[in-house]
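Student: dropping the sequence and predicted coords here.
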Amino acid sequence: MEHQITYAPIEWLGDKVRLLDQTRLPGEEIYIETDDYRVVAEAIKELKVRGAPAIGIAGAYGVALGALKIEAASPEEFRARLAEVISTIAGTRPTARNLFGALEYLQKAAQTGKSVAQIRNNIIAAAITIHEEEAAATHKLSEYGAELIQDGDTILTHCNTGPLATTGYGTALGVIIRAHEQGKIVKVFADETRPLLQGARLTCWEAQKAGIPVTLITDSMAGYFLNRGYINSVITGADRIAANGDTANKIGTYSLAVLAKENGVPFYIAAPTTTIDPCIVTGAQIPIEQRSPDEVTHVQGVSLAPAGVAAANPAFDVTPHKYITAIITEKGIIRKPYKAGIKSITSVA
Ligand code: MRU
């Protein structure tokens, strides 16, 4: 039976966008409604909307909002002003490829149309297409990925990769939700995912809503459970995948992949092809977002550490492709050698 998703992380309202504020979950289901692209940019920076596909979709709607407000006498003037909007959205978060792919798609849409009104309509239509295609891709990849899950499996996952992060089924969590819908008995172990606790706050909330049994663990417990045979597979999402399969995802993913290999447990990445960056040769070239140390020294505004202590806060790490058993995409499941597999699914037919 299909799981009905009862919350809408991102909605286009024609002249406004509505975002579910993920920083307030699970305590409060609060929506932000805005017609200002700068509010969308802040929401992305502050992780009110987050997860690679959702960042791309929200960014696209941000540009559409900006386009609606531009008053220009000519298409040239319109495009010049639009470039400022795109640059603001591009400056929000550097790692997720989906955001930059979406902005490139909108740039192309802005080149078509003879009048300001036509260009504006093309941009809005393009943003809606990005949303529909990202959501549809997660349905397809979840179907492929569910083949890798056996009845009775316990799956360890990291960060949050469900409908909240994608507006569709999800990536890693989408695969699990699909297996559950197929009637397989599945259990989830969710890493809490410090510093911002996307696993504890969001994955547990979404798993509960989907009726999937979930056990919350701290990030440092993963080795214990992998080593004792509790976990049948590890599945995570991705923010950017290089041409050789090296994958950037939420900080802590690399440690999980190494632990999985050490303990003979398959480690899968689930991501739409919009997360793949074929122009980047290896993971070393992926830009890694460095966030405020306050997110490490504090939890939800409460200080944990002595005042003035130095803290580091890289938001993502890179898992070398050798640790990845397979990459699940909407175009199928890719296995080693990744360079060839990635080339075949990202080349334009
Ligand atoms: O910092 P976040 O919460 O945006 O990080 C999100 C992740 O790392 C997800 O695993 C990734 O974007 C894949 S989401 C489908």
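Tutor: Good, I have the coordinates.

Student: CA only for contacts and neighbour counts going forward, please
Tutor: Will do.

Student: residue numbers of the stretch 1-150 of the chain in contact with the ligand?
Tutor: Residues of the stretch 1-150 of the chain lying close to the ligand by C-alpha under 6 Å from any ligand atom are 50-52.

Student: now with 8 Å, please.
Tutor: Neighbours of the ligand within the stretch 1-150 of the chain, by C-alpha under 8 Å from any ligand atom: 47, 49-55, 96.

Student: likewise for the stretch 151-300 of the chain?
Tutor: So the stretch 151-300 of the chain meets the ligand at 158-162, 165-166, 170-172, 196, 198, 236-239, 248-251, 270-271 (C-alpha under 8 Å from any ligand atom).

Student: among those residues, which ones are in strands?
Tutor: 236, 248-250, 270 (DSSP state E).

Student: quick check, pLDDT for V348.
Tutor: pLDDT, V348: 60.

Student: circling back to that earlier point, quick check, nearest of the ones in strands among the residues of the stretch 151-300 of the chain next to the ligand to the ligand?
Tutor: The nearest member of those to the ligand, counting by C-alpha to the nearest ligand atom, is K250 at 3.6 Å.

Student: and the closest one, what are its bridge partners?
Tutor: Beta-bridge pairing of K250 under DSSP bridges involves F316.

Student: mind listing what it touches?
Tutor: Contacts for K250 (C-alpha atoms under 8 Å, 6 or more residues apart in numbering) come out as 158-159, 238-239, 315-317.

Student: can you rerun that using 10 Å?
Tutor: 51, 158-160, 193-194, 198, 236-239, 314-318 (C-alpha atoms under 10 Å, 6 or more residues apart in numbering).

Student: ok, G14 to the ligand distance?
Tutor: G14 sits 25 Å away from the ligand, going by C-alpha to the nearest ligand atom, to the nearest Å.

Student: give me the neighbour count for that residue.
Tutor: Neighbourhood size, G14 [other C-alpha atoms under 10 Å]: 12.

Student: let me know the secondary structure of it.
Tutor: Per DSSP: H, G, I helix; E, B strand; the rest coil, the secondary structure class of G14 is coil.

Student: list phi and psi for it.
Tutor: Phi and psi for G14, reported as degrees, to the nearest 10, are phi 100, psi -50.

Student: swap in V175?
Tutor: According to degrees, to the nearest 10, V175 has phi -60, psi -40.

Student: got any ranges where the stretch 201-349 of the chain has weak pLDDT?
Tutor: Counting by pLDDT under 70, the stretch 201-349 of the chain contains low-confidence ranges at 348-349.

Student: what are the boundaries of the strands in it?
Tutor: Using DSSP state E, counting those that start in this stretch, the strands found in the stretch 201-349 of the chain span residues 214-217, 233-236, 240-242, 247-250, 267-270, 276-277, 298-299, 302-303, 316-319, 326-329, 332-334.

Student: now do the helices in the stretch 101-250 of the chain.
Tutor: In the stretch 101-250 of the chain, the helices defined using DSSP state H, counting those that start in this stretch lie at 116-146, 163-166, 172-181, 198, 204-210, 222-227.

Student: now the third one: average pLDDT?
Tutor: With pLDDT averaged residue by residue, helix 172-181 scores 98.

Student: can you pull the buried residues of that helix?
Tutor: Across helix 172-181, burial judged by 16 or more other C-alpha atoms under 10 Å covers 172-181.

Student: can I get those in CSV including distance to I324?
Tutor: Below are the buried residues of helix 172-181 laid out as CSV (distance: C-alpha to C-alpha, whole Å):
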residue, distance to I324
A172, 14
L173, 17
G174, 18
V175, 16
I176, 18
I177, 21
R178, 21
A179, 21
H180, 23
E181, 26
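
Student: returning to that earlier point: out of the residues of the stretch 1-150 of the chain next to the ligand, which is most surrounded?
Tutor: Neighbour max across these (other C-alpha under 10 Å) = P53, 35 neighbours.
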